[in-house]
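K.L.:
Give me the fold of what follows.
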Amino acid sequence: MGTIPNELGNPSILPALGLSQVRFERLADTFAEELNVMQTHARVALSSVALVLLCAGVPPTRAGDASTSGASGQAPFNNNCRTCHSTKEGDNRLGPSLSNIVGAKAAARSGYANYSQAMRTAGITWDEQTLDRFIANPESVVPNNNMKPFKGVPDAAARKAIIEYLKAGAG
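P.N.:
This is a model prediction of the structure:
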C-alpha cells in the first residue's frame with residue numbers, strides 16, 4: 001500500500017485534495033504499477049532498437065568510446081575548443097580554423113594573421129602526439145602562445161576524442 005509522501009506533509013491535507021487515506025493509497029499503488037509498466041515498455045523498446053541496429057550492421061559502442069569517425073569527439077571539442085576555433089575550412093575566429101590540422105605545420109594557415117611569434121617560430125607539425133601534448137597543456141609545448149586563458153584539457157580520453165574528431169575532418 002502507498003504511503004503519504006513527505007511533500008504532502010500532514011495527512012489532514014488529503015480531504016482538502018478530495019482524497020481519503022484509502023483513496024490516496026490506491027492511487028499511489030496504481031501509480032507504482034503504471035511506472036513499472038512504463039519502465040518495462042521502455043526496456044523492450046530500447047532492446048528492439050538495439051536489435052534493429054545490430055541487424056542493420058551498426059556495431060554496438062559504449063558511451064564515451066571514441067569512434068573512428070570522430071563523432072564522439074564533437075562534444076569534447078565543443079566544450080573545450082569551439083569558443084575560439086572552428087573545424088570549417090577558412091572559418092577563423094579568435095583562433096584559426098582547425099580544419100585538416102592533423103599533419104599541418106603550426107602557424108601556416110593562410111587567412112589567419114593572429115598567430116603568436118612563439119607559434120610562428122615553433123617549427124611544429126601537428127601530429128597526434130604533439131596535438132595531445134598541446135591540448136593537455138599549450139604553454140608547455142609552445143611557451144608564450146596566444147591560447148590564454150585556456151590552460152588545457154587534463155582528461156586524456158577527452159583529448160583523444162578531440163584528436164579523433166579533428167582527424168576525421170570534422171566540419
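K.L.:
Show me what counts as buried in the top helix by length along the chain.
P.N.:
Ranked by residue count, the top helix of the chain under DSSP state H comes out as helix 21-55. Of the residues in helix 21-55, Phe24 count as buried by neighbour count, 16 or more other Cβ atoms under 10 Å. Where C-beta positions appear, they are placed from N, C-alpha and C, glycine not excepted.
K.L.:
Report the rounded mean pLDDT for that helix.
P.N.:
Within the predicted structure, the mean pLDDT of helix 21-55 is 73.
K.L.:
Would you check how far apart the most centrally placed residue in the chain and Asn92 are?
P.N.:
Against the mean C-alpha coordinate of the chain, by Cα atoms, centre = their mean, the closest residue is Ala75 at 3.2 Å. The span separating Ala75 from Asn92 equals 23 Å under the rule Cβ to Cβ, to the nearest Å.
K.L.:
Pop the domain breakdown of this structure in here.
P.N.:
The chain breaks down into these structural domains: 6-55, 71-167 (assignment by automatic domain parsing).
K.L.:
quick check, distance from the longest one to the centre of its chain.
P.N.:
With Cα atoms, centre = their mean, to the nearest Å as the basis, the distance from the averaged C-alpha position of domain 71-167 to the chain average is 18 Å.
K.L.:
Give me the residues contacting the one helix or strand Pro76 maps to.
P.N.:
The secondary structure element spanning Pro76 is helix 74-80 (assigned by DSSP states H and E). With contact meaning Cβ atoms under 8 Å, 6 or more residues apart in numbering, helix 74-80 is reached by Thr87, Ile135, Val153, Asp155, Ala158, Arg159, Ala161, Ile162, Tyr165, Leu166, Ala170.
K.L.:
Take those residues and keep only those in helices.
P.N.:
Ile135, Ala158, Arg159, Ala161, Ile162, Tyr165, Leu166.
K.L.:
low pLDDT regions in the protein?
P.N.:
Of all residues in the chain, those with pLDDT under 70 make up the ranges 1-11, 14, 46, 50-54, 57-71, 170-171.
K.L.:
picking up where we left off before, for the domains of the chain, which one ends up most surrounded?
P.N.:
Burial of the domains of the chain is given as mean neighbour count (mean count of other Cβ atoms under 10 Å); domain 71-167 ranks first at a mean of 16.
K.L.:
any idea what sits nearest Lys167, other than its immediate chain neighbours?
P.N.:
Spatial nearest neighbour of Lys167, chain neighbours left out: Val102 (5.0 Å); criterion: Cβ to Cβ, 6 or more residues apart in numbering.
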